[in-house]
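Visitor: Pasting the sequence and the predicted model now:
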Amino acid sequence: AFAPFGGFNPQMVRTLENSSENLRSLGRLDEPNRGLYRAQFDEVEELKQVYSEPELIKQRLLGSLRLYFGLGLGAVMLLSLAVATLLSRRIARTHARNIAELSRERDKVRYLQEMSSWQELAKMLAHEIKNPLTPIEVLVSSLSKSYLSKDQTGFLAQLTETQVMIGEEIRQLKATVNRFSEFARMPQVAPADVDLVGLIDQQLKVLAHHFPAVDFQFQPQPGFTATASLDATLFRQVLMNLVRNGVEANPNRRVRFVLSLEQSGELIELRIGNDGAAVPAAIVGRLFDPYISTNSGKDNMGLGLAIVKKIVLEHCGDIRHEECDGHPVFVIQLPRIKP
């Protein structure tokens, strides 16, 4: 009587849970078809309940069967079993169809995301390589014309000047390639238990040396202790990139940074704000994406905040951007180690 339920198992429940999460994601990504994904999500949730509690279903059916036998309603019992069989087949077909559809949509979303990332990388590389190549081309063309129109002394003077200028452009091109190479070779995290208060005090002294036009304020509450598992070297890079980002976003002025530490449940919350200009609304949602920057300088690749987020995530933490009184604040959350 219970053959349709013999295949119920935890693996199927996990599969249905993954289906629910995928449908949620698709609903957020594909706004026009959110209603369709919601209907499929409800079906999967109903199916998950069936697969999660097979013993309960068996008990209910056994109670019904006893009642049917007691009342002599054999025909009703057979009809119930037939309906249950048809229902299980319908659920199985619906589940298979939903899984296939989810797989197709997941592959489509992954492909589009990968293509978008590669397109951004190609656009960035093309831009950075084209910048030095254009003046080199102009210099070489000008040098060819000078060879025919100038005397030896004048030509040699221009040749020397051209060599210097081309050398500078080649140096800039090498620097660009090196920055991409450093981004690709980020070191592995080597964490150790660290007192955050002492570490931040120490790193702010180093940052003050690197950024003389920056004022730092960090006054933790008396007696406050915060221990976290951190790679001190990588954490220094996090602070360095956040400060550099604030300085580059506010050229030709002193910038004041305020840091604070708080405990939020099992997490330590480090807030780093500055009194500079707010992040433009057009890039707030993509602030931590690679190659996103408000600074158009040739030395800025838009990788600083992407590196920051990668390091924080690899420490099992999270980072977000907030705006307070028209100024940017970065909030870093890290797991707290209890004393």
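Guide: Ah, there it is.
Visitor: Please, where are all the strands along the stretch 201-339 of the chain?
Guide: Secondary structure of the stretch 201-339 of the chain (DSSP state E, counting those that start in this stretch): strands located at 214-218, 227-230, 255-264, 267-274, 318-324, 327-335.
Visitor: Which elements pack onto the fifth one?
Guide: With contacts taken as 3 or more CB pairs under 8 Å, 6 or more residues apart in numbering; DSSP states H and E, strand 318-324 sits against helix 304-314, strand 327-335. Heads up, the C-betas are built off the backbone N, CA and C, glycines and all.
Visitor: what would these look like in CSV with mean pLDDT, distance to residue 83 and mean neighbour count?
Guide: Converted to CSV, the helices and strands packed on strand 318-324 look like this (pLDDT from 0 to 100; distance: least, CB to CB, whole Å; neighbours: other CB atoms under 10 Å):
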stretch, mean pLDDT, distance to residue 83, mean neighbour count
helix 304-314, 88, 50, 19
strand 327-335, 94, 51, 19
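Visitor: Turn the ones you listed into JSON lines, columns for distance to residue 174.
Guide: Formatted as JSON lines, the helices and strands packed on strand 318-324 follow (distance: least, CB to CB, whole Å):
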{"stretch": "helix 304-314", "distance to residue 174": "20"}
{"stretch": "strand 327-335", "distance to residue 174": "31"}
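Visitor: quick one: which of these is nearest residue 259?
Guide: Checking the helices and strands packed on strand 318-324 against residue 259 by CB to CB gives strand 327-335 as the closest, at 10.1 Å.
Visitor: What is that closest one packed up against?
Guide: strand 227-230, helix 232-249, strand 267-274, strand 318-324.
Visitor: Figure out how far the strand or helix carrying residue 128 is from the centre of its chain.
Guide: Element membership for residue 128 (DSSP states H and E) is helix 74-149. Remark: helix 74-149 is offset 16 Å from the chain centroid, using CA atoms, centre = their mean, to the nearest Å.
Visitor: Following element in sequence after that helix, please.
Guide: Downstream of helix 74-149 (by DSSP H and E), the next one is helix 152-184.
Visitor: mind listing what's buried in that following helix?
Guide: 158, 162, 166, 169, 172-173, 176 (16 or more other CB atoms under 10 Å).
Visitor: Quick one: closest of the helices and strands packed on strand 327-335 to residue 203.
Guide: When these are compared by CB to CB, helix 232-249 sits nearest residue 203, at 5.4 Å.
Visitor: Tell me which residues of the closest one come out buried.
Guide: 234-249.
Visitor: list the helices and strands that helix packs on?
Guide: When contacts are defined as 3+ CB pairs under 8 Å, 6+ apart, helix 232-249 packs onto strand 192-195, helix 196-210, strand 214-218, strand 255-264, strand 267-274, helix 304-314, strand 327-335.
Visitor: re the thing from before, now the strands of the stretch 201-339 of the chain in JSON lines, with distance to residue 95?
Guide: Below are these laid out as JSON lines (distance: least, CB to CB, whole Å):
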{"stretch": "strand 214-218", "distance to residue 95": "55"}
{"stretch": "strand 227-230", "distance to residue 95": "42"}
{"stretch": "strand 255-264", "distance to residue 95": "40"}
{"stretch": "strand 267-274", "distance to residue 95": "38"}
{"stretch": "strand 318-324", "distance to residue 95": "34"}
{"stretch": "strand 327-335", "distance to residue 95": "37"}
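Visitor: tell me the two of the buried residues of helix 232-249 that are most distant?
Guide: Based on CB to CB, the longest span within the buried residues of helix 232-249 runs between 234 and 249 and measures 22.7 Å.
Visitor: For residue 215, give me its contacts.
Guide: Counting by CB atoms under 8 Å, 6 or more residues apart in numbering, residue 215 makes contact with 254-257.
Visitor: Now the buried members of these.
Guide: Neighbour counting by 16+ other CB under 10 Å classes 255, 257 among the contacts of residue 215 as buried.
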